[in-house]
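Student: Let me see the structure of the following:
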Amino acid sequence: MGRNVIITGTSSGIGKSILEEFSKEKDITIIAHARKPSPQFELLLKNLNRENENLIIPVYFDLINAEHLTGQINNVLKAYKKIDVLVNNAGMIQPNSSFLMTSLDTIKESFQINFFSQVLLTQLVARSMIRNRIGNIVNIASIAAFDVTTAQFEYVTSKAAIVAMTMKLAIELAPFGIRCNAVAPGLIKTKMLENMEKELKNNLCHQAALNRLGMPEEISKLVYFLASKDSSFINGQTIRVDGGRGVI
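Tutor: Below is the predicted model:
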């Protein structure tokens, strides 16, 4: 019997690439999350199912709605008694604004989507993993958690919380055979970068030794590795994938 995997935010960008990477695995069931149905997303799943002969099942909920999230994930857990992998990928970034000009509502919204929804989802899934005494959690953080000049206050702090969460869960869940790691992407060529000013984007690219944007597949391959037996002695780590930012 193959692995059961939950991946959030799979309709585009890094999440889509993670979904595509996992779908290459034989005999796997993937619960692919998106905020809402769309013809493009449904076509993506149809094509992946046909190409790889795996089972990819969509699940829809808005991360801002904790009650809806809980209901949908509980339905998944009833249908699939064992979840082997959880990838907390979904997130968002607000338009650029200084701290003093950012409303508390904006900060709360960012934390709800980038952190609290991940906490809730992980609590729900980890209970199932604990019962089965096996599991693997991979969180998507950001270099913004470390290089605080690269993004806005609410994004920086919510991603820093993900890094701390990763370390704490690695300690607490390890006795149950569950590992927890994170990936911290640098600037990756996705739609999320559209909210970043062009001059800032160019400056940040130049700060990396490779002097370019990363590609989504350069993140998804690492996520897949961290969720595999090949990384069985890696736990509690946040691995930067940033083209060598800060080494020059």
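
Student: how near is the residue nearest in space to the middle of the chain to residue 152?
Tutor: Centroid-nearest residue in the chain, with C-alpha atoms, centre = their mean: residue 89, separated by 1.5 Å. Here residue 89 is placed at a distance of 20 Å from residue 152 (C-beta to C-beta, to the nearest Å). No exception for glycine: its C-beta is placed from N, CA and C like everyone else's.

Student: can you check residue 168 too?
Tutor: Taking C-beta to C-beta, one finds residue 168 at 25 Å from residue 152.

Student: cool, and residue 46?
Tutor: From residue 46 to residue 152 the distance is 37 Å (C-beta to C-beta).

Student: need the helices for the chain, in chain order.
Tutor: Counting by DSSP state H, one finds helices in the chain at the ranges 13-22, 39-52, 66-79, 104-111, 117-132, 153-173, 198-206, 216-226.

Student: Who are the packing partners of the longest one?
Tutor: Put plainly, it is helix 153-173. helix 104-111, helix 117-132, strand 135-140, strand 178-185, strand 238-241 (3 or more C-beta pairs under 8 Å, 6 or more residues apart in numbering; DSSP states H and E).

Student: Now for the closest residue to residue 158 other than its chain neighbours: which residues touch it?
Tutor: Leaving aside its chain neighbours, residue 158 sits nearest to residue 114 (3.7 Å; criterion: C-beta to C-beta, 6 or more residues apart in numbering). Contacts for residue 114 (C-beta atoms under 8 Å, 6 or more residues apart in numbering) come out as 91, 92, 155, 158, 159, 161, 162.

Student: what's the neighbour count on the nearest residue to the third one once chain neighbours are set aside?
Tutor: I take that to be residue 155. Nearest non-adjacent residue to residue 155, counting by C-beta to C-beta, 6+ apart: residue 93, 5.0 Å away. Other residues near residue 93 come to 21 when the count uses other C-beta atoms under 10 Å.

Student: ok, back up a step: neighbour count winner among residue 168 and residue 152?
Tutor: Per other C-beta under 10 Å, whichever of residue 168 and residue 152 has more neighbours is residue 152, with 23 against 12.

Student: distance of the more buried one from residue 69?
Tutor: The value you get for residue 152 to residue 69, if C-beta to C-beta is used, is 24 Å.

Student: Buried ones in the lowest-mean-pLDDT helix or strand in the chain, by neighbour count?
Tutor: Sorting the helices and strands of the chain by mean pLDDT, DSSP states H and E puts helix 198-206 at the bottom, at a mean of 77. Across helix 198-206, burial judged by 16 or more other C-beta atoms under 10 Å covers 204, 205.

Student: How about stretch 126-141?
Tutor: 126, 128, 129, 135, 136, 137, 138, 139, 140, 141.

Student: where in the chain is pLDDT low?
Tutor: 149-151, 194-197, 246-248 (pLDDT under 70).

Student: can we see that at 90?
Tutor: 1, 49-54, 81, 92-102, 147-152, 187, 189-213, 245-248 (pLDDT under 90).

Student: about what we covered before: make a markdown table out of the buried residues of stretch 126-141 and add distance to residue 229.
Tutor: Shown next, in a markdown table, are the buried residues of stretch 126-141 (distance: C-beta to C-beta, whole Å):
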| residue | distance to residue 229 |
| --- | --- |
| 126 | 19 |
| 128 | 20 |
| 129 | 16 |
| 135 | 13 |
| 136 | 9 |
| 137 | 15 |
| 138 | 14 |
| 139 | 19 |
| 140 | 21 |
| 141 | 23 |
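
Student: what's the most distant pair in these?
Tutor: Maximum pairwise distance among the buried residues of stretch 126-141 (C-beta to C-beta): 23.4 Å, between 128 and 141.

Student: The residue lying closest to residue 35 once chain neighbours are set aside: neighbour count?
Tutor: In this structure, residue 35 finds its nearest non-sequential neighbour in residue 62, 5.5 Å apart by C-beta to C-beta, 6+ apart. Per other C-beta under 10 Å, the neighbour tally for residue 62 reads 13.
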